[in-house]
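>>> Here is a sequence with its predicted model. Questions after.
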Amino acid sequence: MQFSLTPTLSPSVRKSITLIYHFAERESKSRYKRSLLGWFWSFLNPLVTVGVYWFIFGAVYRAVPPVTDNGNAENFGLYLFTGLIIWTLFTGLVEGSMEWLTSVSDLRKKIYFPTETALLGGAASNLVQTLLEVAVLVVIMAALSNIGWTLVFLPVAMALALGFGLGLGFIVSVLNARYRDVKYLAGILLNVAFFAVPIVYTPELLEKEEIPGIARGLVEWNPVALFIEISRDATYFLQVPLWNRFLAAVVWSVTTLVIGWVFFRKQSMSISEEP
Amino acid sequence: MSVGAITVDGVSKRFRLERNRPSSLKEAVLRIARTRDADEFWVLKNVNLDIAPGSFFGLIGHNGSGKSTLLRLMAGIHRPTVGSVEATGRLSALLELGTGFHPDLTGRENVYLNGAMLGFSRKQMTASMDDIIEFSGIGDFVDEPVKIYSSGMYVRLGFAVAVNVSPDILLVDEVIAVGDEEFQRRCLKHMDMLRGKGTTIVLVSHNTDLMAECHQVGRLDHGRLVEVGAPDDVISAYLEMVDSSDNTLHTHDN
């Protein structure tokens, strides 16, 4: 008789997990294939981005960043970084999912496998990338001794962004398999959306008379802005997120994920019939 | 249902014709205004078929009769429009060239990926890796990306995976013909061995010699399963049909 410490999983679940692992590995390997510095790029990329934004908005335009909890990290670059991490996670999932589904569609015409594993594998690979960026952020914040127990909200913010991005990814990837325009349309919309999220500016900027209330509402209550706010509360301001905004973030994330999943499950079988 | 059995129950499959398919958003939007044209094509019409575990089943029919579509439905690649298809047990399918290989991955990585799709862990695939490489005869090429493979190498590696993972059901679509004579013989011998182990094999082929080896042969004609029976009867009926259409062709010529 054999005893196993691991909980017994149904064969189809185990098969899916193996596939997710394979796709995640493939995505991670191909990301920096044929590059000498390899994973180092994963660190360099966010650092350079932060550096450029810090220079332009902090040094050239002299944007004043909000004061951190202990007043040690009054730095626009860091303020940006806390937002960019979540933004990059979100856009990476939306744009990546279209690519991941396209890359397995030929395969799926010849062999059956659950296509969602390709998306989940890609998402896992992106999550690893985000964790590396988070590690950079936490190290910097710790060095400035601007760190506290509110850090526990950072994984929550990441999970919410993951759910929302993946939910949207499920929908756009299926649509993109049918109409390749979706990829370009999504690219444009994401470019616009970047400025609807307070990443390069502070939400306080909107409290001017000349900005219409509807624009302010859009910026303040859009899901990605909510996730970013939680991540900033966790790492920059070191405060507990407002409960009503936290609740709104959870509702956005869970609803989108559920709708996306149901839509994907319904539509993904027809991927093998696309020309 | 016992392992290795395939049940096809009242299956019809409809495809949309590509020429009438909107392929961009613009076309799709424009289409809403217009009335829908008849852009459907029924590839299979009300097919009922039971394949017993351990049997060697052949499918025969003219080009476009729906053989490959039926095989794809059994493999779970397509979902039937009407009816249901059930195949119990571990299913391994070889449909056309390079079944389920990803061009950018090496042969070895593809073997792992293929194994994962069939439900095998990495460890299990590592255990049978040597057998697979040996059977395929592709040697050191196993660590090269499969996009540089010749079509023969593609098929050989695909076949090697499909037969070495001890499937309960093996679906084969005319691919063996690509390999050379020696490889074909090896495949047939291996399929014999699997048959001995009780693997259900469904084969699509135009090769009537191969078909004669089957326990049962089904004949498809324009999407309908018109006949299921002993190989000799079905094959001769098929050949008769081909001959008669050949004759009409000649009469027209004259």
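The structure has been received and is ready for your questions.
>>> which residues sit in contact with A:Ala215?
A:Ala215 makes contact with A:Leu206, according to C-beta atoms under 8 Å, 6 or more residues apart in numbering or on different chains. Using the backbone N, CA and C atoms, a C-beta is placed for each residue, glycine as well.
>>> what's the distance between it and chain B?
A:Ala215 sits 28 Å away from chain B when distances are taken as C-beta to the nearest C-beta, to the nearest Å.
>>> Next: A:Pro198.
31 Å.
>>> Wait, that residue touches A:Leu226, no?
No - shown here, A:Pro198 and A:Leu226 do not form a contact pair, counting by C-beta atoms under 8 Å, at 10.6 Å.
>>> what about these two, which has more around it?
A side-by-side neighbour count of A:Pro198 and A:Leu226, using other C-beta atoms under 10 Å in any protein chain shown, places A:Leu226 first with 28 against 21.
>>> That one and A:Ala24, how far apart?
The gap separating A:Leu226 from A:Ala24 is 27 Å, by C-beta to C-beta, to the nearest Å.
>>> can you list the residues of the stretch 1-150 of chain A near chain B?
Within the stretch 1-150 of chain A, the residues that sit near chain B (C-beta under 8 Å from any C-beta of the partner chain) are A:11-12, A:14-15, A:18-19, A:21-22, A:26, A:30, A:103-104, A:107-113.
>>> Go again with 7 Å.
Residues of the stretch 1-150 of chain A found near chain B, taking C-beta under 7 Å from any C-beta of the partner chain as the criterion, are A:Pro11, A:Lys15, A:Thr18, A:Leu19, A:His22, A:Arg26, A:Leu107, A:Lys109, A:Lys110, A:Ile111, A:Tyr112, A:Phe113.
>>> Within the helices and strands, which one has B:Asp192?
helix B:181-196 (DSSP states H and E).
>>> Could you point out the helix or strand that follows that helix?
Criterion used, DSSP H and E; the element after helix B:181-196 is strand B:200-204.
>>> right, and the helix or strand after that following strand?
Following strand B:200-204 toward the C-terminus (DSSP H and E): helix B:208-211.
>>> Now that following helix: buried residues?
Using 16 or more other C-beta atoms under 10 Å in any protein chain shown as the test for burial, helix B:208-211 gives B:Leu210, B:Met211.
>>> Kindly report the same for stretch B:66-76.
Of the residues in stretch B:66-76, those buried under the neighbour-count criterion (16+ other C-beta under 10 Å) are B:Gly66, B:Lys67, B:Ser68, B:Thr69, B:Leu70, B:Leu71, B:Arg72, B:Leu73, B:Met74, B:Ala75, B:Gly76.
>>> Quick check: the fifth one vs B:Phe15, distance?
Taken as C-beta to C-beta, the spacing of B:Leu70 relative to B:Phe15 amounts to 13 Å.
>>> got it, and A:Ala196?
Where B:Phe15 is concerned, A:Ala196 sits at a distance of 42 Å (C-beta to C-beta).
>>> Measure how buried B:Ala52 is and give me the count.
Each residue near B:Ala52 was counted by other C-beta under 10 Å, and the total is 13.
>>> Would you confirm that it contacts B:Ala5?
Yes - under the criterion of C-beta atoms under 7 Å, B:Ala52 lies in contact with B:Ala5, with a separation of 6.3 Å.
>>> Now the residue lying closest to A:Thr49 once chain neighbours are set aside: which helix or strand?
On the basis of C-beta to C-beta, 6 or more residues apart in numbering or on different chains, the spatially nearest residue to A:Thr49 that is not a chain neighbour turns out to be A:Leu84, at 6.3 Å. Counting by DSSP H and E, the element that carries A:Leu84 is helix A:76-108.
>>> where's that helix relative to the chain centroid, distance-wise?
Taking C-alpha atoms, centre = their mean, to the nearest Å, one finds helix A:76-108 lying 6 Å from the centre of the chain it belongs to.
>>> still on that earlier bit, which pair in the residues of the stretch 1-150 of chain A next to chain B spans the largest distance?
For those, with distances taken as C-beta to C-beta, the pair at the greatest spread is A:Pro11 and A:Lys109 (23.8 Å).
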